[in-house]
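Q: Coordinates for the following, if possible.
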Amino acid sequence: MVAANVSIPKLLSPHALHSLLQYQDSSKARVIPLDVSLVYPPASEYTQHLDGRIPGAKFFSMKRYAAEDPELKTTIMLPTAGKFVGAMRYLGIRRDDHIVCYDVMGFWTPARGAWMLKVFGHEKVSVLNGGLPAWKAAGYSIETGSYPAAEPSDYPFVLRNKEMIASFDSVASSAINGSKPRVIIDTRPVEEYADIGHVSNSFSLPFTNFLAGPPPNDMRVLPEERWKGIITKVVGDDLFKQMEDKGNELQVISTCGWGVTACTLWIILGSFGVNTTVYDESWEGYEMRAGNPVEKGSPDNLHPGTPTKGVTSFPELQIAIDALPDDGTPKVDEVSQ
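A: Have a look, this model is predicted:
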């Protein structure tokens, strides 16, 4: 049981989550593990969920419940308000439940799940550090097989907090002007940043820098006392000095390939009080618009690249939702206010 006046930690260890699940009072606000796995190359996350999950976990499809952009065809986007609320009601989740996001990889998608919940104003949100692999490594049991649908909840209709989402216009203006106090940080692998290209005037800070081991090995986030050193090694002390000088005027835009690993930086920088937004479209959306300026090269050898051509570098991942094979993922209704 998590009391209303107790601060909700951003990261939970398997031991902490196990304790919460063991001693919660089911008549009050609940602790619910939420599997938000997203697997590349395309695979059935729901099948993996049924093959092994944290006891009592529910499944939210970041792929099938996403919104689709009819023009850009971007693949992993925030759900519409109606789809999000419809999913929450279907899963039986209540507004005061403490949701703990996790995935089957360790730390690939759960920060995205936490950011999504916060965008829609869900207050009690944590991430399981190390995900399902860490849970199993700690010796805790898993559930397998199908399970009955939950009793639908009365989750209220909510809208997105747009202040948490970086717009294309804000990214594009920074790419052209390098405007301050706005900083863009790219969390993709440095090879993608350098060879495929990146938003001009953006820093390279791979999200894996914050992990204990390279994927798919130990995907636990390193201790918090190491975070600032990792950040300053890339962007210098200037980011934190600007934060002290400008406060909330300083805006960091976190971006990646599809708006997934960018959310790791949202968690990390948020712990320092840095105003961090996530560019939901990320590189996919930026690249799918023709004529945007591109920079290439490693951080110590940057040079202009060919402007974007309006196509994606990863067409094999750009699969329309209605073209995905039916793997049994529960279908949820889009509700209206």
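Q: what about the residue most central in space within the chain, is that helix, strand or coil?
A: The residue lying closest to the centre of the chain (C-alpha atoms, centre = their mean) is Arg112, at 1.4 Å. When classified by DSSP: H, G, I helix; E, B strand; the rest coil, Arg112 comes out as helix.
Q: So it is in contact with Gly257, correct?
A: No. Arg112 lies out of contact with Gly257 (C-beta atoms under 8 Å); the separation is 11.7 Å. For glycine as for every other residue, the C-beta is placed from the backbone atoms N, C-alpha and C.
Q: still on that earlier bit, please report how far the residue nearest to the centre of the chain lies from Trp283.
A: Here the criterion is C-beta to C-beta, to the nearest Å. By it, Arg112 lies 15 Å from Trp283.
Q: For the residue nearest to the centre of the chain, which residues are in contact?
A: By C-beta atoms under 8 Å, 6 or more residues apart in numbering, the residues touching Arg112 are 36, 38, 62, 76, 259-261, 263.
Q: Run a quick neighbour tally on Leu222.
A: For Leu222, the neighbour count with other C-beta atoms under 10 Å is 17.
Q: who's in contact with it?
A: Leu222 neighbours (C-beta under 8 Å, 6+ apart): 210-212, 230.
Q: what does Leu132 give?
A: 35, 52-54, 102-104, 106, 142.
Q: Tell me where the stretch 151-300 of the chain has helices.
A: For the stretch 151-300 of the chain, the helices defined by DSSP state H, counting those that start in this stretch cover 168-177, 190-191, 227-235, 238-246, 262-270, 282-287.
Q: okay, now Asn201: neighbour count?
A: Around Asn201 there are 18 residues (other C-beta under 10 Å).
Q: how much space between it and Leu302?
A: Distance of Asn201 to Leu302, given as C-beta to C-beta: 9 Å.
Q: Where does pLDDT dip in this protein?
A: In the predicted model of the chain, residues 1-6, 26-28, 176-181, 242-249 satisfy pLDDT under 70.
Q: any chance you could map the strands in it?
A: Listed in chain order, the strands of the chain (DSSP state E) span 11-12, 31-35, 58-59, 98-102, 125-128, 165-166, 182-186, 198-199, 202-204, 251-255, 276-279, 294-296, 303-305.
Q: shared neighbours, Asn201 and Leu302?
A: Glu295.
Q: Among the contacts of Leu222, which one has the most neighbours?
A: Neighbour max across the contacts of Leu222 (other C-beta under 10 Å) = Phe210, 21 neighbours.
Q: give the contact list for it.
A: 221-222, 227, 230, 264, 268.
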